[in-house]
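S.K.: here's a sequence, model it:
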Amino acid sequence: MTPLEAAALLGAPNFPDGWDFTEIHRCGELAGFICTQGAEIHCFRIDSYKGAWMPRQELERITRPILEKFGHLSTKVRTENFQGHLFVKRLGFRQIGHDETSIHYKAERLKHARL
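M.R.: Here you go, the predicted model:
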């Protein structure tokens with residue numbers, strides 16, 4: 001996935017440079033994608049995809065090298081994204097701060113991955 005393709009899926013004009021993208025497919029359908037840059041990670045489910053979209057094994061595969069290198073994961077969720085806050089908290093992220101648009105989270109390990 002390219003930054004332009006990711007931006008199009010999000011309905012955004014562009015996606016900043018320097019991010020790596022991993023597509024998540026379920027039953028042959030694009031269910032979402034994960035983007036990472038350093039210790040920062042963001043997960044996006046495709047709006048039209050219904051059901052469980054993030055296999056635990058895929059989450060482990062993507063996050064293990066990040067945790068080994070940096071010792072933590074970080075993310076931020078837009079303040080109004082209630083489902084996003086529930087998602088990161090279920091994974092084991094804890095709130096570490098906020099800015100005018102987002103709540104910032106950090107995790108040293110994930111609850112639903114064998115790391």
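
S.K.: ok, longest strand in this structure?
M.R.: Secondary structure assigned by DSSP state E gives strand 29-37 as the longest strand of the chain.

S.K.: that one - contacts with which helices or strands?
M.R.: helix 3-10, strand 20-26, strand 40-45, helix 56-70 (3 or more CB pairs under 8 Å, 6 or more residues apart in numbering; DSSP states H and E). All C-beta spots, glycine's among them, are computed from the backbone N, C-alpha and C.

S.K.: each with direction, which strands does it pair with?
M.R.: If you go by DSSP bridges, strand 29-37 pairs up with strand 20-26 (antiparallel), strand 40-45 (antiparallel).

S.K.: could you check the angle helix 56-70 makes with the longest one?
M.R.: Which is strand 20-26. 160 degrees (axes from the mean of the first three to the mean of the last three CA atoms, to 10 degrees).

S.K.: next, the buried residues of strand 20-26.
M.R.: Ile24, Arg26 (16 or more other CB atoms under 10 Å).

S.K.: what do you get for stretch 78-91?
M.R.: Gly84, His85, Phe87, Val88, Leu91.
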